[in-house]
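Novice: Take a look and give me a structure for this.
(2 chains)
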Amino acid sequence: MASKTLVVLTIILLILSLVVLGIALSQKVLPPTATAEGKVMAYVAGSSTNQAEPMSTTGKVMVNVLPNKTP
Amino acid sequence: MEKSEAIIAVLLVIAIVASVATLVIMNQKASVVTGKASGHVNASISSVVAITLDPDTINFGTVAQGTTHQSGTSGEPASFGIENNGTVKVNITVDSTNPLLTGTSPVYQFKSSCAETNCAAELVDFTNFNQNEQFAIGVLEFAQDKDLANVAVKIVVPMDEPAGSKSDTIVFTASQAE
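Specialist: Numbers count the residues shown, from 1 in each chain, chains lettered A, B, ... in the order given. This is a model prediction of the structure:
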């Protein structure tokens, strides 16, 4: 009787071990993975959709003319 | 050994092998678990037109009638210095406000030149100011080593030029070249 119980328990242990092994194998076959996507976007100045406003600045030309010495 | 003991022994061996195999596999799986993160990088460079004028004044000082003066030459004031401080290439125009000299056949001209190699399209020959917007510099770069240009001014004072101080304001306008 005792040996029968031992056989049943051993079979249960074997089944549990095989189930756990099966789970482990399935995860090994399809390991968890993750994919990553990276994007680098740069808007380069100068396109027709981003025309910069003109800019103005001023300079000055100066001169002081001497009186004519000749009569 | 009884038959049942042999069965138990076999089953136990199988269970032990399965357990050990499970431990090995789980250990390997733990070592290969990785994580990745995704991210986006955005960079915008805005188009900015910006120029500075240094020097912004050409003062020929006191001159006599019948004399010729050209900025940037020996004994004369420096020419206008234009630097592109923006983020785009620019075209530059000049617009003289008044004729400066009022005698007979005065000469009041300008020309442009690159202060750094290959910085822009130049206006090589002296050109009369005509009090309208005129081309001065084409495609002035914005890169630091080639963003400088000069605008020189030349005057020939007529013999009948009235004495006195004269001045003219020149408007430099930069617009995006491309």
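
Novice: From here on, just use CA atoms for contacts and neighbour counts.
Specialist: OK.

Novice: ok, the closest residue to residue A:7 other than its chain neighbours - contacts?
Specialist: Among residues not flanking residue A:7 along the chain, residue B:8 sits closest, at 5.7 Å (CA to CA, 6 or more residues apart in numbering or on different chains). Neighbour list for residue B:8: A:6-7, A:10 [criterion: CA atoms under 8 Å, 6 or more residues apart in numbering or on different chains].

Novice: Secondary structure class of residue B:8, three-state.
Specialist: helix (DSSP: H, G, I helix; E, B strand; the rest coil).

Novice: Mind telling me what element the nearest residue to residue B:7 once chain neighbours are set aside is part of?
Specialist: Nearest residue to residue B:7 in three dimensions, chain neighbours excluded: residue A:7, at 7.6 Å (CA to CA, 6+ apart). Using DSSP states H and E, residue A:7 falls within helix A:2-29.

Novice: What's the mean pLDDT across that helix?
Specialist: Averaging pLDDT along helix A:2-29 gives 75.

Novice: Which strands or helices does that helix pack on?
Specialist: Applying 3 or more CA pairs under 8 Å, 6 or more residues apart in numbering or on different chains; DSSP states H and E, one finds that helix A:2-29 contacts helix B:3-32.

Novice: Who are the contact partners of residue B:140?
Specialist: So residue B:140 contacts B:84, B:89-92, B:119-121, B:146-149 (CA under 8 Å, 6+ apart).

Novice: So in terms of bridging, what pairs with it?
Specialist: Residue B:140 has the following beta-bridge partners by DSSP bridges: residue B:90.

Novice: For the closest residue to residue B:128 other than its chain neighbours, name its beta-bridge partners.
Specialist: Sequence neighbours aside, residue B:109 is the residue nearest to residue B:128 in space, at 4.2 Å (criterion: CA to CA, 6+ apart). With DSSP bridges as the criterion, residue B:109 is bridged to residue B:128, residue B:154.

Novice: these two touch, right, residue B:109 and residue B:157?
Specialist: No - applying CA atoms under 8 Å as the test, residue B:109 and residue B:157 come out as separate, 11.8 Å apart.

Novice: For the lengthiest strand in chain A, which residues meet the burial criterion?
Specialist: The strand spanning the most residues in chain A, taking DSSP state E as the definition, is strand A:55-65. The neighbour-count check on strand A:55-65 (16 or more other CA atoms under 10 Å in any protein chain shown) flags A:55-56, A:58-65 as buried.

Novice: For residue B:106, give me its contacts.
Specialist: Residues near residue B:106 by CA under 8 Å, 6+ apart: B:155-158.

Novice: Spatially central residue for chain B, please.
Specialist: With distances taken as CA atoms, centre = their mean, the residue of chain B nearest its centroid is residue B:142 (2.1 Å).

Novice: hmm, back to that, out of the buried residues of strand A:55-65, which touch chain B?
Specialist: Subset of those in contact with chain B: A:55-56, A:58-65, counting by CA under 8 Å from any CA of the partner chain.
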